[in-house]
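>>> Quick one: sequence and predicted model below, then my questions.
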Amino acid sequence: MSSSIAIDVQGLGKSYDGVKAVDNLSLTVHEGEIFGLLGPNGAGKSTTLRILITTLKPTSGTAKIFGRDVVEEADTVRRLIGYVPQERAIDRFLTGREHLLLLADLYHLKKDEARTRIDSLLKLVSLEEHADRVAKGYSGGMKRKLDIACGLLPNPKVLFLDEPTLGLDVQSRLNIWEYVRQLRDQGITIVMTTNYLDEADQLCDRLAIIDRGQIRAIGSPKDLKAGLGGDGVWLTLGDPTPQALEKLTTALKTLPYVRAITPREQGLDVRVDGPEKALPAILEIAGKVGCRLDGIEYHRPRLDDVFVAHTGRSMKDDLQESSSD
Amino acid sequence: MQEQIQEVLALTNRWVKRLSREKFSMLFTLIQPMLFWLIFFGNLFQRAADVQVVQAPNYMSFLAAGVVVMTVLNNGLAGGVDLLFDKENGFLERLMATPIRRSSVILSRFLFVMAITGMQILVILGVAFLFGVQAETGILGIAVILLIGMAFGIGLTAISMAMAFSVKSHGDFFSVLGFLSLPMIFLSSALVPLAAMPGWMNVLALFNPMTWVIDAVRPLIISGWSQALPQVAIAAAVLIAFDALCLYGGAKAFKRTVG
């Protein structure tokens, strides 16, 4: 964490007609990392993103990109960043190359410079073959590639991606992840929004969980999950009398790898470090104290558990709610 | 300055490309006003309309000015539609995240709509010529007609863009558009001279800037300079006020949307 700060957000707020879409939000993004804004639809992550790319003014607080204020020095900020909007933001009457040529003019590139850069970008996202077809006939994955090429055209120091894999098939999704990692390895700082837990988990170096306009938790996926207190072992007892539970709990507490024990339906939720040692030891203890186990279930903490722990509800519920609108 | 020219040209070029690839829409945009109004309406009323009432050699020559200005009206009011779609699908956001002058998008739209409108005016006057309507004031008069048309178009396009930035959905936009355009035409001197209108319509038409614009274009086509000049002067005054108002409103709506 010694790398320099790419983005510094302090007390950011945005209200629409008195409703707070973003509420006193502070975070820092380090140079060269993939930073995720994770949250359900309407959590405020898109609003935050739009403030950072200068297209929306905050009602309070500040945001700086490499020390430049997104409101006061918007034009300078715009020269530092690239933006990859959601897939619909493509002009279906223009070819892929024409999109890039248009943007080249908007970034005031010289003709020769534009041509070489566009050629190399089309190659990077392997879209050369389709570069001169109108975007109307592009597949979702191709549109996304074009979007990424557009975002990279200005040689940005920070690249913003809005839901980069929304609605893509698995293969295209993995491809996009691969591009994003490559870009990070080239030193580009990446900020992306997502409402996919697995995407946040596997792609992001660090992430902020946002819910109702506020940050609930911030850190690497690994730290966030470790913060939950270890892996979960769920024991279901054959005869879950209070006495039996009591006896088992007392015995398990003597084990060094056990971090916490809470009762659950018909049994116990045991939080452990290092399941290789903990699992056999738990079984042995259960045998010793004479508790018959009907079931034993082991799971690593998932990001969804982190989300539940910090917001009190599951992100899946929210997704179902929003998709049934 | 040089940077802004590069921006505006690139953005205008995009509008041209879009139109040229929407062949069907282009055909309709260009042909519809001539076909529908000038050719059908003009010929249909050629004998029904009384030349004493319209004060013109024939109805077609009377109608030509109306069709010219109606084309300006329709182009202008629809001028913001593409920006509306850009706003809805996020393309506008993409543009606004680039280091361009905020005004470049608007300027490119004005430039494009004015160019299309100018061409259409010329085509309409050409078709009218084929039906025997010849502008009395010649080439210079046609140039003045183009200037007046574009001056009116600027205000209308500004209204349209202001609406595009303000409405919640494109459904709203098209409802307002449909609501505005026909009454604007009927409550003007496009189809019938003011003197021949029922009293209350006559009064309403006087408040319609379109009436004043048509009344300046018409003598340029059917009468000659001596009758046209005072009308052109009045139209110029009306248009300065109209454009100032529309541009002010448009700028406010634009600022509210893109900061």
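In hand now; what should we look at?
>>> can you tell me which residues contact residue 212?
Went with chain A since none was named. Residues counted as contacts of residue A:212 (CB atoms under 8 Å, 6 or more residues apart in numbering or on different chains) are A:23, A:43-44. (Each C-beta comes from the backbone N, C-alpha and C, glycine too.)
>>> if you could check chain B rather than the one you did, that'd help
When the contact criterion is CB under 8 Å, 6+ apart, the partners of residue B:212 are B:231, B:234-235, B:238-239.
>>> Tell me where the stretch 101-250 of chain A has helices.
A:111-124, A:140-152, A:170-185, A:197-203, A:221-226, A:242-252 (DSSP state H, counting those that start in this stretch).
>>> nearest spatial neighbour of residue B:43, skipping sequence neighbours?
Using CB to CB, 6 or more residues apart in numbering or on different chains and skipping the chain neighbours, the partner closest in space to residue B:43 is residue B:60 (7.1 Å).
>>> What segments of the stretch 51-200 of chain B are helices?
Listed in chain order (using DSSP H, counting those that start in this stretch), the helices of the stretch 51-200 of chain B are B:51-54, B:59-78, B:81-89, B:91-96, B:103-130, B:138-166, B:170-186, B:199-206.
>>> Only the buried residues of the longest one, if you could.
What it means is helix B:138-166. Across helix B:138-166, burial judged by 16 or more other CB atoms under 10 Å in any protein chain shown covers B:141-142, B:144-146, B:148-166.
>>> Over to the second one?
By neighbour count with 16+ other CB under 10 Å, helix B:59-78 contains the buried residues B:59-78.
>>> Kindly compare burial across the helices of the stretch 101-250 of chain A and name the winner.
Across those, averaging neighbours per residue (mean count of other CB atoms under 10 Å in any protein chain shown) puts helix A:140-152 on top, at a mean of 23.
>>> which of the contacts of residue B:212 count as buried?
Here the buried ones among the contacts of residue B:212, as counted with 16+ other CB under 10 Å, turn out to be B:231, B:235, B:238-239.
>>> Please go through those and note which also touch chain A.
Applying CB under 8 Å from any CB of the partner chain, the subset of the buried ones among the contacts of residue B:212 adjacent to chain A is empty.
>>> closest to residue A:35 among those?
The shortest gap between residue A:35 and any of the buried ones among the contacts of residue B:212 belongs to residue B:239, at 52.9 Å (CB to CB).
>>> how much space between the closest one and chain A?
Relative to chain A, residue B:239 is positioned 32 Å away (criterion: CB to the nearest CB, to the nearest Å).
>>> you'd agree that residue is in a helix?
Yes. The assignment for residue B:239 (DSSP: H, G, I helix; E, B strand; the rest coil) places it in a helix.
>>> Can you give me the pLDDT of it?
Residue B:239 carries a pLDDT value of 97.
>>> what sits against the residue nearest to it when sequence neighbours are not counted?
Taking CB to CB, 6+ apart, and ignoring the residues beside it in sequence, residue B:239 has residue B:151 as its nearest neighbour in space, at 4.5 Å. By CB under 8 Å, 6+ apart, the contact set of residue B:151 is B:236, B:239, B:243.
>>> and residue B:49, helix, strand or coil?
Three states are possible here, and by three-state DSSP the one that applies to residue B:49 is coil.
>>> hang on, it packs against residue B:57?
No. The criterion here is CB atoms under 8 Å, and residue B:49 misses it with residue B:57 at 11.6 Å.
>>> Between these two, which is the more surrounded one?
Residue environment comparison for residue B:49 versus residue B:57 gives the larger neighbour count to residue B:49, 20 against 13, counting by other CB atoms under 10 Å in any protein chain shown.
>>> Apart from its chain neighbours, what residue comes closest to that one?
Take residue B:49 and drop its neighbours on the chain: the residue closest to it by CB to CB, 6+ apart is residue B:59, 4.0 Å away.
>>> residue contacts, residue B:22?
Listed by CB under 8 Å, 6+ apart, the contact partners of residue B:22 are residue A:93.
>>> near chain A, which residues of chain B show up?
So far as CB under 8 Å from any CB goes, chain B lies against chain A at B:3, B:6-7, B:9-11, B:13-14, B:17-18, B:21-22, B:89-91, B:93-100, B:258-259.
>>> Any of the residues you listed buried? List them.
When neighbours are counted using 16+ other CB under 10 Å, the residues of chain B next to chain A contain these buried positions: B:6-7, B:10-11, B:13-14, B:17-18, B:21, B:89-91, B:93-100, B:258.
>>> Output the below-cut-off pLDDT ranges for the stretch 201-325 of chain A.
For the stretch 201-325 of chain A, applying pLDDT under 70 flags the ranges A:316-325.
>>> which residues are contacting stretch A:27-35?
Residues from elsewhere that reach stretch A:27-35, judged by CB under 8 Å, 6+ apart: A:1, A:3-9, A:158, A:180-181, A:184, A:187-192, A:203-208, A:215, A:218.
>>> Looking at the residues you listed, which are in strands?
A:5-9, A:158, A:189-192, A:206-208, A:215, A:218 (DSSP state E).
>>> So which residues on chain A come close to chain B?
Within chain A, the positions lying close to chain B (CB under 8 Å from any CB) are A:50, A:53-57, A:75, A:78-79, A:81, A:83, A:85-86, A:88-91, A:93-94, A:98, A:101-103, A:105-108, A:134, A:150, A:154.
>>> Any chance of a ChimeraX selection covering the buried ones in the residues you listed?
Only the buried entries of these go into this ChimeraX selection, using 16+ other CB under 10 Å:
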select /A:50,53,54,55,56,78,79,81,83,85,86,89,90,91,93,94,98,101,102,103,105,106,107,108,134,150,154
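>>> Go through the residues of chain A next to chain B and flag which are in strands.
With strands identified by DSSP E, the entries of these that belong to them are A:81, A:83.
>>> middle-most residue in chain B, spatially?
If you average the C-alpha coordinates of chain B and look for the closest C-alpha using CA atoms, centre = their mean, you land on residue B:72, 1.7 Å from that point.
>>> Show me chain A divided up by domain.
In the assignment given by automatic domain parsing, the structural domains of chain A cover A:5-219, A:229-300.
>>> how far is the last one from where the chain is centred?
The reference is to domain A:229-300. A distance of 33 Å separates the centroid of the chain from that of domain A:229-300, by CA atoms, centre = their mean, to the nearest Å.
>>> hmm, back to that, hang on, isn't the residue nearest to the centre of chain B packed against residue B:157?
No. The pair residue B:72 and residue B:157 fails to qualify as a contact (CB under 8 Å) at a distance of 9.7 Å.
>>> Output the below-cut-off pLDDT ranges for the stretch 151-259 of chain B.
For the stretch 151-259 of chain B, residues meeting the criterion pLDDT under 70 lie at B:259.
>>> meant to ask about the stretch 1-150 of chain A, not that
Across the stretch 1-150 of chain A, the stretches falling below the confidence threshold (pLDDT under 70) are A:1-3, A:87.
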